[in-house]
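Chemist: output the structure for:
(one chain, ligands or ions: 1)
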Amino acid sequence: MPHFVVDSTRRQSIINGVMKTPVTVTVTGAAGNISYSLLFRIAAGEMLGADQPIVLKLLEITPCLDKLKGVVMELEDCAFPLVQEIVATDDPAVAFKDANWCMLVGSVPRKAGMERKDLLGINGKVFVGQGKAIAENAAPDCKVFVVGNPCNTNCLIALHNATGMPKENFFAMTQLDEYRAKSQLAAKAGVPVAAVTNMVIWGNHSSTQYPDFTNAKINGKPVTDVISDIEWLKGDFIKTVQQRGAAIIQARGASSAASAANAALMTIKNLVTPTPEGDWFSVSSITDGTKYGLPAGIICSQPTRTNADGTHTIVEGLPIDEFSRAKIDATCQELLAERADIKDLL
Ligand code: NAX
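Modeler: Residues are numbered from 1 along each chain as shown. You can find the predicted model right below:
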């Protein structure tokens, strides 16, 4: 299998006089649209820190290797001091070798006339192979983060096929949905977006996801104390967040790329940085069947905190009213249906 390596260790391996061990970040779909925003920000140190040297390993399918070569040339031309080495390849075993973080962005897009089940089947096989390759090649404590859609179920497939790896090291992206929800609430309330906290997306990264306004806060107050238009919260707000991806495709003629890259980068940052006291962030992870009535064994978005020791905890005890219960149950039903569709791949 062809691959090429750009070794820039001589450029600058000592940052601020202290050499940290480089972290290997593998990104799949590396010549795609999201990666074109993502890779440069990772390389600039926005994800793992301005003093963290990085080895970038980039995976593409063979027909896209020339395009990937162009991306690598641009990465080189940025002369990012943190980047120790860039490996570009179409071989998963090479790409996942010694990876500390695997960001699985690449997947086959849905085409006209394709049923959800067809898409799950096509991408499912990719995530079987990548799960196996990660287990065989990556660092033993490697963490896996899936962006490629349908990301929750793709993540479940990778997890089941990565024999021997801890289940709690697998995540799928719902941070973009959380940011979309925060931004809608801030606009409605006429406040800066940073005033909105405690927003959880429950369930699937799909049009059934539930952006939970009942537990969110604006300037520390319940959203419903600040926004009195309950019909909007229960109706247009939820629908806008659920349909935001489709609205962007319609407006831009292409799916979200820079905002998706931002959310991917911020998820990893949230997963490696202690979460501010009293808050949480949204990421999908494996359910154990003991919290909020979520069925066991699905990759479901839940309120998550990163602890000082780097472990992660699902926030427990949030009140779930009747309205929220129905929405959470509906999105979990969809995840169960997706799991049933690909049961042969688990
Ligand atoms: P692009 O089609 O621009 O890029 C995808 C890249 O993946 C292509 O270059 C393709 O050659 C590559 N690829 C396909 N199969 C591969 C494989 N087996 N190994 C390695 N690379 C492979 O899509 P882009 O806009 O970058 O989006 C990537 C994925 O993110 C899509 O599945 C998209 O649906 C998903 N998204 C997920 C979001 C989320 O919140 N979870 C939001 C944004 C985005 O829609």
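Chemist: tell me the domain ranges of this protein?
Modeler: Domain ranges of the chain: 3-172, 175-345, per automatic domain parsing.
Chemist: okay if I get these as JSON lines plus mean neighbour count?
Modeler: Bear in mind the C-beta positions are built from the backbone N, C-alpha and C, glycine included. Formatted as JSON lines, these follow (neighbours: other CB atoms under 10 Å):
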{"stretch": "domain 3-172", "mean neighbour count": "19"}
{"stretch": "domain 175-345", "mean neighbour count": "18"}
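Chemist: confidence-wise, which of the ones you listed is weakest overall?
Modeler: Looking at the domains of the chain, the lowest mean pLDDT belongs to domain 3-172 (a mean of 91).
Chemist: which bits of the stretch 201-346 of the chain sit near the ligand?
Modeler: Within the stretch 201-346 of the chain, the residues that sit near the ligand (CB under 6 Å from any ligand atom) are 205, 245, 255-257, 260.
Chemist: now the two most distant members of these.
Modeler: Across those, the longest distance by CB to CB is 15.7 Å; it joins H205 and A257.
Chemist: stretch 143-158 close to the ligand?
Modeler: Yes: Stretch 143-158 lies within reach of the ligand by CB under 6 Å from any ligand atom, at 147-149, 151.
Chemist: ok, now which ones touch the residue of the chain found nearest the ligand?
Modeler: The minimum distance from the chain to the ligand, using CB to the nearest ligand atom, falls at G32 (2.0 Å). By CB atoms under 8 Å, 6 or more residues apart in numbering, the contact list for G32 reads 105-106.
Chemist: repeat that for 10 Å
Modeler: Shown in contact with G32 (CB atoms under 10 Å, 6 or more residues apart in numbering): 38, 60, 64, 67-68, 71, 105-107, 109, 147-148, 257.
Chemist: just the ones of these in helices?
Modeler: Among the contacts of G32, the residues falling in helices (DSSP state H) are 38, 67-68, 71.
Chemist: pretty sure W280 sits against N215.
Modeler: Yes: counting by CB atoms under 10 Å, N215 is a contact partner of W280 at 9.2 Å.
Chemist: need the residues touching each of these two.
Modeler: Common neighbours of W280 and N215, counting by CB under 10 Å, 6+ apart, are 198-200, 303, 315, 318.
Chemist: those in helices, which ones?
Modeler: Using DSSP H, none of the shared contacts of W280 and N215 sit in helices.
Chemist: quick one: the stretch of helix or strand L335 belongs to to chain centroid distance?
Modeler: Following DSSP states H and E, one finds L335 within helix 322-341. Remark: helix 322-341 is offset 20 Å from the chain centroid, using CA atoms, centre = their mean, to the nearest Å.
Chemist: which other helices and strands contact that helix?
Modeler: Under the contact definition 3 or more CB pairs under 10 Å, 6 or more residues apart in numbering; DSSP states H and E, helix 322-341 sits against helix 116-137, helix 151-161, strand 200-202, strand 210-212, strand 299-306.
Chemist: and the ones you listed as a markdown table, adding distance to I328?
Modeler: Compiled in a markdown table, those are given as follows (distance: least, CB to CB, whole Å):
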| stretch | distance to I328 |
| --- | --- |
| helix 116-137 | 20 |
| helix 151-161 | 14 |
| strand 200-202 | 5 |
| strand 210-212 | 6 |
| strand 299-306 | 9 |
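Chemist: of these, give the one that comes closest to M47.
Modeler: Nearest to M47, of those and by CB to CB, is strand 299-306 at 14.0 Å.
Chemist: got the CA coordinates for the closest one in CSV?
Modeler: Provided in CSV are the C-alpha atoms of strand 299-306 (Å, rounded to 0.1, in the frame of the first residue of the first chain):
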residue,chain,number,x,y,z
ILE,A,299,-24.0,5.0,21.8
CYS,A,300,-26.2,7.7,23.2
SER,A,301,-25.6,11.4,23.7
GLN,A,302,-25.6,12.2,27.5
PRO,A,303,-24.5,15.0,29.8
THR,A,304,-20.8,14.3,30.4
ARG,A,305,-18.1,15.7,32.6
THR,A,306,-14.3,15.3,32.4
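Chemist: what residues are up against the residue nearest in space to the middle of the chain?
Modeler: Closest to where the C-alpha atoms of the chain average out (CA atoms, centre = their mean) is M173, at 2.8 Å. Residues in contact with M173 (CB under 10 Å, 6+ apart) are 103-105, 145-149, 151-152, 155, 205, 260, 263-264, 266-268, 282-284, 301.
Chemist: isn't S259 right up against E178?
Modeler: No: contact criterion CB under 10 Å: S259 and E178 do not qualify, at 11.7 Å.
Chemist: kindly report the residues of the stretch 1-150 of the chain close to the ligand.
Modeler: The stretch 1-150 of the chain comes close to the ligand at residues 28-29, 31-35, 59-61, 64, 105-109, 126, 147-149, as judged by CB under 6 Å from any ligand atom.
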